[in-house]
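Engineer: no sequence for this one, just the structure:
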């Protein structure tokens, strides 16, 4: 039963992904991006197949872009949107206040 | 001594803890993968393509773990929704669209992984249109990932504290008990 539920959700997600892939194809058909210059093309066609650790700064730079957007988003969302409680809109409840709730539950069950 | 009800609550919290750990480490892996995939030379073309394909599974797992949120917010899409919820929903939808576009365009220009899986011949000439779009969408993906992190910042912080530094909570608990004892 649980497997069936997971499979149905996967099917739904696949359907949504297929719809977005279709939209991407339509978008690609409607735009004409400029052809990159010959030097860039040569570089793209001769990319190394093995990892190059000397390119680690590129990974760090990508991390910094994420951090920058996270910081900018944090400022914008804090300014523009009301703060949200820790329980609202979270995929998982963290039970942060579980310890405080436990004595209350105990009293209820005991009485 | 603890009463049975307390033990029962503690036992029922165990699956939640596991779920949290899985969700947290999966999210960390996704973030690292998104950053690593930005520079093909860093991972190498072979790893780049296989890691890109592995992201399909990781994204699906991430969405399945957040299914209750997706279902609730989709039902409330046209109903009463706060600005934050609406923006969060739109942001997540854009992120999903960007991931799909990046993976789809990546599959179309694949030179090693897809030919290995399907047995198809490698295209002799690069499709520059899809290559350009693949780069463009991957840049959007990076930006949207940052914004996704921003809007879920409190959850991420709480998860880091729970999963990576659980001792902080234990210290806080003990300190709280100590303060109650003093009173």
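Structural biologist: Happy to help now that I have it. Here the structure is a predicted model, which is why all the values come from computation and not from measurement.
Engineer: Skipping adjacent residues, who's closest to residue 76 in space?
Structural biologist: Because you didn't say which chain, this covers chain A. Distances taken as CB to CB, 6 or more residues apart in numbering or on different chains put residue B:150 closest to residue A:76, at 7.8 Å, once the chain neighbours are dropped. Every C-beta, even on glycine, is put in place using the N, C-alpha and C of the backbone.
Engineer: if you could check chain B rather than the one you did, that'd help
Structural biologist: Of all residues not flanking residue B:76 in the chain, residue B:85 sits nearest, at 7.4 Å (CB to CB, 6+ apart).
Engineer: Next one: the one you found from residue B:27, what distance?
Structural biologist: Between residue B:85 and residue B:27 the computed distance is 20 Å (CB to CB, to the nearest Å).
Engineer: any idea how far stretch B:168-183 is from the chain center?
Structural biologist: 34 Å (CA atoms, centre = their mean, to the nearest Å).
Engineer: could you check whether it is close to chain A?
Structural biologist: Yes. Between stretch B:168-183 and chain A, judged by CB under 8 Å from any CB of the partner chain, the touching residues are residue B:173.
Engineer: can you give me the helices in chain B?
Structural biologist: Taking DSSP state H as the criterion, chain B carries its helices at B:4-36, B:40-43, B:45-65, B:67-75, B:83-108, B:113-118, B:128-151, B:153-163, B:166-182.
Engineer: May I see the ones you listed organised as a markdown table, with mean pLDDT added?
Structural biologist: Formatted as a markdown table, the entries for the helices of chain B read as follows, by pLDDT from 0 to 100:
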| stretch | mean pLDDT |
| --- | --- |
| helix B:4-36 | 78 |
| helix B:40-43 | 90 |
| helix B:45-65 | 94 |
| helix B:67-75 | 89 |
| helix B:83-108 | 93 |
| helix B:113-118 | 89 |
| helix B:128-151 | 93 |
| helix B:153-163 | 90 |
| helix B:166-182 | 77 |
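Engineer: Residue A:60: which of those helices is closest?
Structural biologist: Relative to residue A:60, the nearest member of the helices of chain B by CB to CB is helix B:4-36, separated by 8.3 Å.
Engineer: how many other residues sit next to the closest residue to residue B:23 other than its chain neighbours?
Structural biologist: The spatially closest residue to residue B:23, leaving aside those adjacent along the chain, is residue B:65, at 5.0 Å (CB to CB, 6+ apart). Summarising burial for residue B:65: neighbours were counted as other CB atoms under 10 Å in any protein chain shown, giving 17.
Engineer: cool, and residue B:156?
Structural biologist: A count of nearby residues for residue B:156, using other CB under 10 Å, gives 18.
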